[in-house]
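1. Following is a predicted model, sequence given first.
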Amino acid sequence: MALVQQITDGQIYGDKYNTDKDSKATEKKSTDDTKQMFLKLLVTEMQYQDPLQPTDNSEYVKEMATFSQVEAVNAIKTDMTSMQANTLVGQCVTVLDENDKEVTGIVDYITKDNPPMLSIEGNLYSIENIQAVQEPSYYEATQISKTFMDLVDTIPDVNYLTLSDQSDVTNAGKIYDSLTDYQKTFVPDSYVTRLKSLTEKINQMVKTQEETEKKKAEEAAAAAQSTSQPASTEAQSTTASTEAAKDTSADTTQTTGTTESAQTTTETTGAASDTSTSDTASGDTATQG
């Protein structure tokens, strides 16, 4: 079957390569499509040449040579693309996805497709969609600075800060202190100023809380001491009464002992007197006899 195509000013119309496609899809035609178009043009030219004035063979040779040159250039381009793809492993690149959205990440590996596909975080992207190639240190700096800024954005404003936000403020401060001088250049000054205000406010709130707790503890200790003082006075009074009772009992015992001793002495004296009188009476009786 003959292939009939309309050619105007070197442009082919009416074939499948120029159907209703958007401009971007037309710009991204693959090398295989270009080769097929060249071959179709050559076949069409040979098929519809004037039989009375056929094209010189040298012209076909020139066209074939041109085609060979195109193939050689495409082969070189493919090789160069593969070499470039190999150097991108481990590098940070920015590519466009299917929705023309920029994606930045580290290239894990490449495929042997034509063109090669780059694997970034488990997704494949064409090497032709690369927008930028960056150093790993740049990617690391952008990521850690973004983490710091996202954390600061989640902390309430200074006027609405509470002690429950203390851990977030502390973590944000630790992240910023861990940044290198190069990484800190990716953090806007507004975030640094805000972190400083948040830190001063949270430190003031912690200090106020500590002073309040200390005051409450002192008041509780004073109240406990005032409560124990009446009980101590009563105990001292009871002890004094007990000691006074002991002293009274001792005095009574001593007085009783003294009285008993006096009575014993009196009885002894009386007995001695009676004995002396009896002896006297016995002497008188002996004298009378």
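-> Perfect, thanks for sending it.
2. okay, CA-based contacts and neighbour counts for the rest of this
-> OK.
3. now the helices for the stretch 151-289 of the chain?
-> In the stretch 151-289 of the chain, helices defined by DSSP state H, counting those that start in this stretch lie at 166-178, 181-184, 189-288, listed in chain order.
4. now for the shortest one, which elements pack on it?
-> So the one you mean is helix 181-184. With contacts taken as 3 or more C-alpha pairs under 8 Å, 6 or more residues apart in numbering; DSSP states H and E, helix 181-184 sits against helix 136-154.
5. Show me how the chain divides into domains.
-> Per automatic domain parsing, the structural domains of the chain span 6-50+57-83, 135-218.
6. mean confidence for stretch 115-132?
-> pLDDT averaged over stretch 115-132 equals 85, rounded to a whole number.
7. Start and end of that stretch, how far apart?
-> Using C-alpha to C-alpha, to the nearest Å, the end-to-end distance of stretch 115-132 comes to 17 Å.
8. which parts of that stretch are buried?
-> 115-120, 124-127, 129-130 (16 or more other C-alpha atoms under 10 Å).
9. Repeat that for stretch 182-201.
-> The neighbour-count criterion (16+ other C-alpha under 10 Å) identifies 183-184, 187, 192, 195, 198-199, 201 as the buried residues of stretch 182-201.
10. try stretch 64-78
-> 67, 70, 78.
11. Tabulate the domains of the chain in TSV, adding columns for mean pLDDT.
-> Putting the domains of the chain into TSV (pLDDT from 0 to 100) gives the following:
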stretch	mean pLDDT
domain 6-50+57-83	64
domain 135-218	92
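12. nearest to Q91, of those?
-> Proximity to Q91 (C-alpha to C-alpha) singles out domain 135-218 among those, at 6.0 Å.
13. Now do that closest one: distance from first to last residue.
-> Using C-alpha to C-alpha, the span of domain 135-218 from its first residue to its last is 60 Å.
14. Could you do stretch 44-51 as well?
-> Criterion C-alpha to C-alpha; first-to-last residue distance in stretch 44-51 is 14 Å.
15. thinking again about what came up before, for the buried residues of stretch 115-132, which one is nearest Q209?
-> Within the buried residues of stretch 115-132, distances to Q209 taken as C-alpha to C-alpha reach their minimum at I120, with 49.2 Å.
16. Which strands or helices does the helix or strand where Y125 lies pack on?
-> Y125 belongs to strand 123-126 when elements are defined using DSSP states H and E. Of the remaining helices and strands, those touching strand 123-126 by 3+ C-alpha pairs under 8 Å, 6+ apart are strand 117-120.
17. ok, the strand it packs on: who's next to it in the sheet?
-> Counting by DSSP bridges, the strands paired with strand 117-120 are strand 102-110 (antiparallel), strand 123-126 (antiparallel).
18. so which of the ones you listed gets nearest M46?
-> It's strand 123-126; of those, that one is closest to M46 (C-alpha to C-alpha) at 37.2 Å.
19. Please list the outside residues in contact with that closest one.
-> 95-97, 115-119 (C-alpha atoms under 8 Å, 6 or more residues apart in numbering).
20. Reformat the buried residues of stretch 115-132 as TSV; add distance to I144.
-> Formatted as TSV, the entries for the buried residues of stretch 115-132 read as follows, by distance: C-alpha to C-alpha, whole Å:
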residue	distance to I144
P115	33
P116	30
M117	27
L118	24
S119	22
I120	18
L124	24
Y125	24
S126	27
I127	26
N129	26
I130	23
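21. after the strand holding Y125, next one along is what?
-> Remark: after strand 123-126, the chain's next helix or strand is strand 130-134, criterion DSSP H and E.
22. and that next one, what other elements does it pack with?
-> strand 92-96.
23. With just CA atoms, put the strand it packs on into CSV.
-> Taking only C-alpha atoms (Å, rounded to 0.1, in the frame of the first residue of the first chain), the coordinates of strand 92-96 have been written out as CSV:
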residue,chain,number,x,y,z
CYS,A,92,21.1,15.5,44.4
VAL,A,93,19.0,16.5,41.4
THR,A,94,15.8,18.3,40.7
VAL,A,95,13.5,16.8,38.1
LEU,A,96,9.9,17.3,36.8
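24. which other residues reach it?
-> Contacting residues not belonging to strand 92-96 are listed as 102-107, 125, 127, 129-136, 139 [C-alpha under 8 Å, 6+ apart].
25. and the gap between the nearest residue to L151 once chain neighbours are set aside and Y125?
-> In space, and not counting its chain neighbours, L151 is closest to A172: 6.6 Å by C-alpha to C-alpha, 6 or more residues apart in numbering. Using C-alpha to C-alpha, one obtains 34 Å as the distance from A172 to Y125.
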